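[1] Any chance you could fold what I've pasted below:
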Amino acid sequence: MEGQSGIRCGLDTEADSLHSYREKLCLVQFCCEDFLAVIDPLKIDHAVLSRFLEFLRPRVVWLHGADFDMTLILRTFGFLPEQILDTQLASRLVGHQRFGLANLIEDYFGVKLSKSSQKADWGSRPLKEKMLSYAYDDVRYLLPLADRLCEKLHELGRWGWFEEWCRFARQAVLNRRERAPEEVWRISGWGKLEREGLAYLRELWYWRDRESEILDRPSFRVMTNQSLLDLAMAAASGEEIRGARGLRPVQCERLREAIRTASSLKREEWPLKRVGLAKPREDINQFAFESLRKRRDEQASRLGLEPTIVATRSALETLANDRSRADEVLMSWQHELLFGDGDP
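    Below you'll find the model as predicted:
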C-alpha cells in the first residue's frame, strides 16, 4: 500500500505541560506491526536514544493529531522523520465527525479506551501501572486504524490529498517560529486594553512567568490569562490591587511591585497598540468572499467534509482580496476544489 513501503511504525508522546514550568518530552510510545514499546527519554542513555532517532528518520511514521507530537519531537531532538502520516487528518478526509483517537478506536474496533491518565504527571517516576497501560493503548491500535483509514482514502480517491496535507502539516511545524521575546506577553484578549492597560499587562505577565519558574508549574496554575487581563484593566482604571485569590503573601508583594513598576512608566514607555510593523486589517471584498464561501460550502457538502477542510475562513478572506496568493494559502487539491472541477 502507498505510504507503507519498507518498515512503518507508529508513535505517540507524553509531556508534562500540565505540571511543569518548562514543558518537556517525558515518554515516547512506539509500535511496529506487532511490537509495542515505551521509551523513557528522561532515563535512557543518549547513545541508545540517538540510534532510535536514526531508525525513525527514513521510516513512514504514523501519529494521531501529529502537530503537538511533531512540535515536541522537533524541539527536543532538532529533527523530524522524513515522512509523517496522521490518522486524525485521514479520518477527517474520509468524513468522520468524531476524530479523537478514542472515538475512532471505539468506532472501528469496539474498544473503549480509558482516559484516566490523560492529565497525569508524565514527568513523575516511577510511572504507575495504569499510566503505562494508557501509554501502550495510545499506539496499540494505531497501525490497524491506519490500515482501515487508508482503505477508505483509496476508495474515495483522496490518498493524494492526504499525502499532500501531511507534507503541508509537517512543513508548517518546521517553519513555525517562536514569538519574539518582546511580544510574548500579548495574550489572547490584549487588544481590548488601551496602552496604559497594556503596560500593566506586560508587567503582570512577566511577574506570573517568574512565579511559575520559581514554583516549577505551568503559568495558568499561578494565574489564568483572564485574571491577568482583569487585573491589568482594574489597575489602569485606578483600582488599588492588594493581591489575588490563591496567592501567598510573598507572591502578593511581588505582584504589587510589578504593578508599581507599570504605574511608574511614562506614557511614551507604554506598549503600542499595533504590534511591530503590522498593518491594519484590510477591508474584505465581501462579494468575492461570499462567492468563495458558497463554492467552498457546496463542495464540502458534496464530498461529506467539514467546510474548513476545503478552505479556512482566513484563506477565503485572503483570496477574496487577492486570488494570486492562492498558492500561499491553499494546497493543490483545495485549489482544484475551489477553482476547478474538484473531483473526486
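[2] in stretch 96-111, what counts as buried?
    Neighbour counts over stretch 96-111 (16 or more other C-beta atoms under 10 Å) mark 96, 99, 101, 102, 104, 105 as buried. In short, each C-beta sits where N, CA and C put it, glycine included.
[3] Over to stretch 243-255?
    By neighbour count on 16+ other C-beta under 10 Å, the buried set for stretch 243-255 is 244, 251, 254, 255.
[4] Which pair of those spans the longest distance?
    Greatest spatial distance in the buried residues of stretch 243-255: 244 and 254, 11.4 Å, computed using C-beta to C-beta.
[5] and the closest residue to residue 144 other than its chain neighbours, what does it touch?
    Take residue 144 and drop its neighbours on the chain: the residue closest to it by C-beta to C-beta, 6 or more residues apart in numbering is residue 109, 7.2 Å away. For residue 109, the residues meeting the contact criterion (C-beta atoms under 8 Å, 6 or more residues apart in numbering) are 141, 144, 145.
[6] Look at the residue nearest to the first one when sequence neighbours are not counted and tell me its secondary structure.
    Of all residues beyond its chain neighbours, the one nearest residue 141 is residue 105 (4.9 Å), with distances taken as C-beta to C-beta, 6+ apart. What DSSP: H, G, I helix; E, B strand; the rest coil gives for residue 105 is helix.
[7] How about the one 10 residues further on?
    Judged by three-state DSSP, the three-state class of residue 115 is coil.
[8] hang on, isn't it packed against residue 102?
    Yes: proximity of residue 115 to residue 102 meets the contact threshold set by C-beta atoms under 8 Å, at 6.6 Å.
[9] Quick check: residue 31 is in a strand.
    Yes: membership of residue 31 in a strand is supported by three-state DSSP.
[10] Can you read off the pLDDT for it?
    At residue 31 the predicted local confidence, pLDDT, stands at 96.
[11] So what does the residue nearest to residue 144 look like in phi/psi?
    Backbone torsions for residue 109, taken as degrees, to the nearest 10, come to phi -120, psi 0.
[12] And residue 187, by the same measure?
    For residue 187, the backbone dihedrals are phi -80, psi 170 (criterion: degrees, to the nearest 10).
[13] tell me which element residue 14 falls in.
    Here residue 14, judged by DSSP states H and E, is contained in strand 8-15.
[14] Kindly format the C-alpha coordinates of the strand or helix carrying residue 135 as PDB.
    Under the criterion DSSP H and E, the helix or strand holding residue 135 is helix 129-140. These are the backbone C-alpha positions of helix 129-140, laid out as PDB (Å, rounded to 0.1, in the frame of the first residue of the first chain):
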ATOM      1  CA  GLU A 129       0.900   0.700  36.000                       C
ATOM      2  CA  LYS A 130      -2.300   2.400  34.800                       C
ATOM      3  CA  MET A 131      -0.200   5.100  33.200                       C
ATOM      4  CA  LEU A 132       1.800   2.600  31.300                       C
ATOM      5  CA  SER A 133      -1.300   0.800  30.200                       C
ATOM      6  CA  TYR A 134      -2.700   4.100  29.000                       C
ATOM      7  CA  ALA A 135       0.500   4.800  27.100                       C
ATOM      8  CA  TYR A 136       0.600   1.400  25.400                       C
ATOM      9  CA  ASP A 137      -3.100   1.800  24.300                       C
ATOM     10  CA  ASP A 138      -2.300   5.000  22.600                       C
ATOM     11  CA  VAL A 139      -0.200   3.100  19.900                       C
ATOM     12  CA  ARG A 140      -1.700  -0.400  20.200                       C
END
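[15] among the buried residues of stretch 243-255, which are in helices?
    When helices are assigned by DSSP state H, the members of those inside them are 251, 254, 255.
[16] I figured the last one hits residue 246, correct?
    No: under the criterion of C-beta under 8 Å, residue 255 lies out of contact with residue 246, with a separation of 11.5 Å.
[17] shared neighbours, the two?
    Taking C-beta under 8 Å, 6+ apart as the contact criterion, no residue touches both residue 255 and residue 246.
[18] Out of the contacts of residue 109, which end up buried?
    141, 145.
[19] immediately after the lowest-mean-pLDDT helix or strand in the chain, which helix or strand?
    Taking mean pLDDT, DSSP states H and E as the measure, the chain has helix 46-56 as its least confident helix or strand, at a mean of 88. Using DSSP H and E, the next helix or strand after helix 46-56 towards the C-terminus is strand 60-63.
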